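Trainee: Predicted model, plus sequence, below.
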Amino acid sequence: MKETVHIPTDSLAGFTHIQLSAKYDKGEWREPRGYYLTVTAVRIDKMPAGYEMVTWASDAPYKKYLVEQVARKNAKRFAEFVEKMNTHAKEIAEAFANKDYNKVWSYV
């Protein structure tokens, strides 16, 4: 179960993948505490010795979704969220690439 997933795409100029990240954020004065899904366009280049370099530009498409507001992190609930993200990763990436940002909500 991966908390970060890379889905190949060719529909975003200059970017090779869409990165999905699931995380728990303790919140700040403007953001509530909870589980977040972050979707970002990135470029992944193969490097010598089998390494990959992940880069993104400041103008890269980026969205951060509050999936569930919680008082504290629950390992079981977070694992369920990550599993759901992994299950629907391709659909989320496709909706993001098509700029149908509201459709992402239907998968998480």
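Mentor: Nice, thanks for sending it over.
Trainee: if you skip the residues just before and after it, what's nearest to the residue most central in space within the chain?
Mentor: Nearest to the mean C-alpha position of the chain, by Cα atoms, centre = their mean, lies Leu20 at 2.1 Å. Leaving aside its sequence neighbours, Leu20 sits nearest to Val5 (Cβ to Cβ, 6 or more residues apart in numbering; 4.7 Å). Heads up, the C-betas are built off the backbone N, CA and C, glycines and all.
Trainee: ok, the one you found - contacts?
Mentor: Contacts for Val5 were tallied using Cβ atoms under 8 Å, 6 or more residues apart in numbering; they are Gln19, Leu20, Ser21, Met85, Asn86, Ala89.
Trainee: Can you tell me which of those end up in helices?
Mentor: Judged by DSSP state H, the contacts of Val5 include Met85, Asn86, Ala89 as members of helices.
Trainee: Tell me how far the first one lies from Gln19.
Mentor: Met85 is 12 Å from Gln19, where distance means Cβ to Cβ, to the nearest Å.
Trainee: Between the two, tell me which one has more neighbours.
Mentor: In this view Met85 and Gln19 are compared by other Cβ atoms under 10 Å, and Met85 has more residues nearby, 24 against 21.
Trainee: Could you tell me the per-residue confidence at that one?
Mentor: pLDDT recorded at Met85 is 94.
Trainee: now Arg30
Mentor: On the pLDDT scale, Arg30 is placed at 84.
Trainee: ok, back up a step: just the element for the residue nearest to Leu20, please.
Mentor: According to DSSP states H and E, Val5 maps onto strand 4-8.
Trainee: If you count neighbours, what's buried in that strand?
Mentor: Val5, His6, Ile7 (16 or more other Cβ atoms under 10 Å).
Trainee: cool, stretch 99-107 as well?
Mentor: Val104, Tyr107.
Trainee: Pro32 - nearest residue in space that isn't next to it in sequence?
Mentor: Spatial nearest neighbour of Pro32, excluding adjacent residues (Cβ to Cβ, 6+ apart): Gln69 at 4.8 Å.
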